[in-house]
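Novice: no FASTA, just this:
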Ligand code: ADP
């Protein structure tokens, strides 16, 4: 019988770990925001990141909207800003799919969120990144299904050869982590 320690990971040669906690408290190079397409803040993870990170993040988001995405950031895409007062160095903002609103392209879009966020981190020479469980809050993505898409996307990205040495998956509650542990595809 496996112990709970073995079940909790780490996974993928120690490059992926799971924790229960608050995304805003993670001391890593970059944390990922479960943003909405306005990039102007919201509730949940988004609200917490802007609240703790301060005005510098919103200022950069406004500039990105103005200069690059006047119609808003599309689902699956990602952009990077300062982390302001957060312990991380940068924030990647990505827009998860709203479950049931994308003609069955939700899994593809959720995978794109993770892969585009990881790509931005690597392009900016980051070695560690922390993700919340994108789309599983207000956006209604069933956590078990999200675990499948998320773990496959991370596994595929890490196999492409890059220097990222820590992908930390941050769950707000132990029960959320337990669902992920039952459904992930890491091997
Ligand atoms: P989305 O709109 O993409 O669904 P939410 O912010 O509503 O994003 O929620 C995404 C997930 O993050 C949910 O599982 C929620 O419980 C969790 N969450 C909310 N606040 C935090 C936080 N401060 N740190 C980590 N996870 C959080």
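Specialist: Noted; the coordinates are in hand. All values reported here derive from a predicted model rather than from experimental measurement. Residues are numbered from 1 along each chain as shown.

Novice: all contacts plus neighbour counts: C-alpha atoms, from now on.
Specialist: OK.

Novice: Would you mind listing what in the protein touches the ligand?
Specialist: Among all residues of the chain, those adjacent to the ligand (criterion: CA under 6 Å from any ligand atom) are 21-24, 34, 44-46, 48, 96, 132-140, 170-172.

Novice: Out of those, list just those in strands.
Specialist: Secondary-structure check on those using DSSP state E: residues within strands are 34, 170, 171.

Novice: got a list of what the second one touches?
Specialist: This points to residue 170. When contacts are counted by CA atoms under 8 Å, 6 or more residues apart in numbering, residue 170 touches 18, 19, 20, 21, 22, 23, 130, 131, 132, 133.

Novice: what do you get for the first one?
Specialist: Shown here is residue 34, whose contacts under the criterion CA under 8 Å, 6+ apart are 45, 46, 93, 94, 95, 96, 132, 134, 135.

Novice: Which of those residues sits closest to residue 74?
Specialist: Within the contacts of residue 34, the smallest distance to residue 74 is 6.8 Å, found for residue 95 (CA to CA).

Novice: where does the residue most central in space within the chain land on pLDDT?
Specialist: Residue closest to the mean C-alpha point of the chain, counted by CA atoms, centre = their mean, is residue 131 at 3.3 Å. Looking at residue 131, its pLDDT stands at 98.

Novice: right, and it touches residue 166 too?
Specialist: No: with contacts defined as CA atoms under 8 Å, residue 131 does not count as touching residue 166, sitting 10.8 Å away.

Novice: for this structure, which spans come out with low pLDDT?
Specialist: For the chain, applying pLDDT under 70 flags the ranges 1-7.

Novice: need the helices for it, in chain order.
Specialist: When secondary structure is read from DSSP state H, the chain shows helices at 4-7, 44-53, 55-67, 106-123, 143-158, 174-183.

Novice: Can you add mean neighbour count and distance to residue 83 and give those helices back as TSV?
Specialist: Putting the helices of the chain into TSV (neighbours: other CA atoms under 10 Å; distance: least, CA to CA, whole Å) gives the following:
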stretch	mean neighbour count	distance to residue 83
helix 4-7	9	32
helix 44-53	19	6
helix 55-67	16	6
helix 106-123	21	13
helix 143-158	19	23
helix 174-183	16	25
